[in-house]
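# Give me a 3D structure for the following:
(2 chains)
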Amino acid sequence: MSRLWRASPLTYFALVAAGVMSVFPIYWMFVVASRSSDAMGQLPPPVTPGGNLGANIARLFANTDAYFLTGLINSAIVAITVTVSVVFFSTIAGFAFAKLRFRGSNALLMIIIATMMVPTQLGVIPLYILMTKLNLNDRLPAVIMPALVTGFGVFMMRQYAGQAVSSELIEAARVDGCGTARVYWNVVVPALRPAAAVLGLLTFMTTWNDFLWPYAVLNDPENPTVQLSLRALSDGYYQDMSQVFTGTAIATLPLLLVFVLFGRQIIGGIMEGAVKA
Amino acid sequence: MALQLDARPPGTPAPRATRPSRAGRLSRIDAKYSPYLYIAPFFVIFAIFGAWPLAYTFWVSLHDWDLLGSNPTFIGADNYTRLLADSDFWHSVVNTLGIFVLSTVPQLLAALWLANLLNRQLRMRTGWRMTVLVPNVTSTAAVAIVFGVLFGREFGMVNWLLDLVGVDGIEWKSNRFASWVAISTMVDWRWTGYNALIFLAAMQAIPRDLYEAAAIDGANRARQFWTITVPLLKPTIIFCVIISTIGGLQLFTEPRLFHSGTNAIRGGPMRESQTMTMYMFENAFAPYYNFGYGSAVAWLLFALIAIVAAINVLIIRRLGAGARPDTGKRKGGSR
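A predicted model of the protein is given here:
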């Protein structure tokens, strides 16, 4: 990459400043989570970890208002189900748009791109009425079902399939007597795997984070997602901040873990998507 | 091998291919209709859980519709008339727009600057990119709670830092403008790095010789940035502005969890930072369950998003007009 400008010490200084600002609130969350509950009343505020993390975790899971363990399990169920579904439907639809010829494909693709711009969050009221009719209020399927597909996923897979899936290979498989379903499974899925992994990671993180719709439809405090457990902790009458922060830290941990392991791929996915969008 | 391709797609000399005509017909049906089968799940699910609710919101907004919903009464535009005379609603509109401006403008400027920094020969390239993106991969709810504490009145770190430089503590939660600033800071913190990476991707696609030519003509780095980089980034900037508009005007989680307690859905004791989505939620769900009124808020918010997005695009088109004849080449070409 010799075509790039050199970085001056000033560049690094600015980047370090930006980096500190990016990381500090997360770091501090873990600091407070590892201290005793009186850490919040100290000035200057503590900035080094304490030794209370274990005790805070124990109190958090024993807290009868937050149902934190249920929240974690529920969030895992929702996020994993949605991720599998989005990746499956997106790869198969993306393949159809990129590699199969059918009438109306361009118009249908435009509709899918348009759905990415639709603020579907504004439809929560009829969605709530619908879930009430289906008797799904307070239950996880109500959270899962609306998230099973995304226009973003289909579009992303379509863009990637256009270049990554070889048309010759598809033709060859056809000649060997494969129907489109087997072409999908034997040719398309292996070729799409890297992009599908990125889509899966992004979907997992978005779903794990989702707040408004679960907040509207899961009113039973005993059956929350983890974000709703955080809300219960934060709104509690008795605010024990080191316990609340332990909750926020644990709720953030799976996301950070995914990011540390697959950060390079996630960044690649975001940047490639930007150039193509 | 290639010769066979067009001749007979399904013609496999399989041992049991006794009725090739039937197999051929099946495969033709497969080729013609299976694509629809593959894209159908998206359209079916989106229609039921995305498009229909949004459209039906309008129908609900024309009714007096409560939780039981046994016999909603059609009341025409009554909800809208009431809403337009509702000072709490207008309060939330102003809050939404205020927070939106405070969170979007600095965010995109900072992202441009950050992308410009990252677009250099750096040691540990991926490390820096991950560092600026990490705010984006945290839990929104968790971050809102953490920032709520950082901006606390008595023991918040921000007020403590301000105190060190001799500024009196600020009432971040009960002063209207201050609460906008605090919430916008949260949004900026989360999205600046993400937008910077998108800008960076677009910057890397700009041919280097443009800069070399400009340098020969005597343009310094700052001038090159404003006359080459920014105009060429216009399609990407428009994309980011539209995405930020759609997201920013629907802001909910950050302001909701910035406040805590029983009335947090109001965004502070005097609705200091209640956004329109929060106002919709307050009316539509517990304890009021006034679906009709909430739906009217949703539709007016929808209209506001469309208007603001259109205005933004117009402004940006105008700003960059004349700088360069055509910037959409690369974008259009890759579609």
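
# A:Cys178 against A:Tyr184, yeah?
No. A:Cys178 is not in contact with A:Tyr184 according to Cβ atoms under 8 Å; the separation is 9.2 Å. (C-beta placed from N, C-alpha, C; glycine too.)

# In terms of neighbours, single out the busier of these two.
Each of A:Cys178 and A:Tyr184 has its neighbours counted (other Cβ atoms under 10 Å in any protein chain shown); A:Tyr184 has more, 23 against 20.

# Most distant residue from the centre of chain A?
A:Val175 (39.7 Å; Cα atoms, centre = their mean).

# From chain B, how far off is it?
6 Å (Cβ to the nearest Cβ, to the nearest Å).

# Need the three-state assignment for whichever residue of the stretch 201-335 of chain B sits closest to chain A.
Chain A sits closest to B:Ala201 of the stretch 201-335 of chain B, with a gap of 3.8 Å, by Cβ to the nearest Cβ. When classified by DSSP: H, G, I helix; E, B strand; the rest coil, B:Ala201 comes out as helix.

# Give the residue spans of the stretch 151-277 of chain A that score low on pLDDT.
Across the stretch 151-277 of chain A, the ranges flagged by pLDDT under 70 are A:237-238, A:274-277.

# For it, just list every one of the helices.
Per DSSP state H, counting those that start in this stretch, the stretch 151-277 of chain A carries helices over the ranges A:151-164, A:167-175, A:180-183, A:189-209, A:212-217, A:226-235, A:241-276.

# so which of those helices is the most packed in?
helix A:226-235 (a mean of 25; mean count of other Cβ atoms under 10 Å in any protein chain shown).

# can you tell if that helix touches chain B?
Yes. Applying Cβ under 8 Å from any Cβ of the partner chain, one finds helix A:226-235 touching chain B at A:Gln227, A:Leu230, A:Arg231, A:Ser234, A:Asp235.

# what residue lies at the spatial centre of chain A?
In chain A, the C-alpha closest to the average C-alpha coordinate belongs to A:Met205, at a distance of 1.7 Å (Cα atoms, centre = their mean).

# Could you verify my assumption that it touches A:Phe262?
No. Using Cβ under 8 Å, A:Met205 makes no contact with A:Phe262, being 10.3 Å away.

# In chain B, what residue lies closest to chain A?
Of all residues in chain B, B:Pro53 sits closest to chain A, with a separation of 3.0 Å (Cβ to the nearest Cβ).

# got a list of what that residue touches?
A:Thr120, A:Gly123, A:Val124, A:Ile125, A:Pro126, A:Leu127, A:Leu130 (Cβ atoms under 8 Å, 6 or more residues apart in numbering or on different chains).

# Could you pull up phi and psi at A:Gln42?
Backbone torsions of A:Gln42, given as degrees, to the nearest 10, read phi -100, psi 140.

# what's near enough to touch the closest residue to it other than its chain neighbours?
Nearest non-adjacent residue to A:Gln42, counting by Cβ to Cβ, 6 or more residues apart in numbering or on different chains: B:Phe155, 7.4 Å away. Counting by Cβ under 8 Å, 6+ apart, B:Phe155 touches A:Met40, A:Gly41, A:Gln42, A:Leu43, A:Pro45.

# Just these: which are in strands?
Using DSSP state E, no member of those sits in strands.

# out of those residues, which is most surrounded?
A:Met40 (21 neighbours).

# what's the closest residue to it other than its chain neighbours in contact with, if anything?
Spatial nearest neighbour of A:Met40, chain neighbours left out: A:Met241 (4.3 Å); criterion: Cβ to Cβ, 6+ apart. Residues near A:Met241 by Cβ under 8 Å, 6+ apart: A:Val32, A:Ser37, A:Ala39, A:Met40, B:Val149.

# where does the closest residue to chain B within the stretch 1-150 of chain A land in three-state SS?
Residue of the stretch 1-150 of chain A nearest chain B, by Cβ to the nearest Cβ: A:Gly123 (3.0 Å). Secondary structure for A:Gly123, judged by three-state DSSP, is helix.
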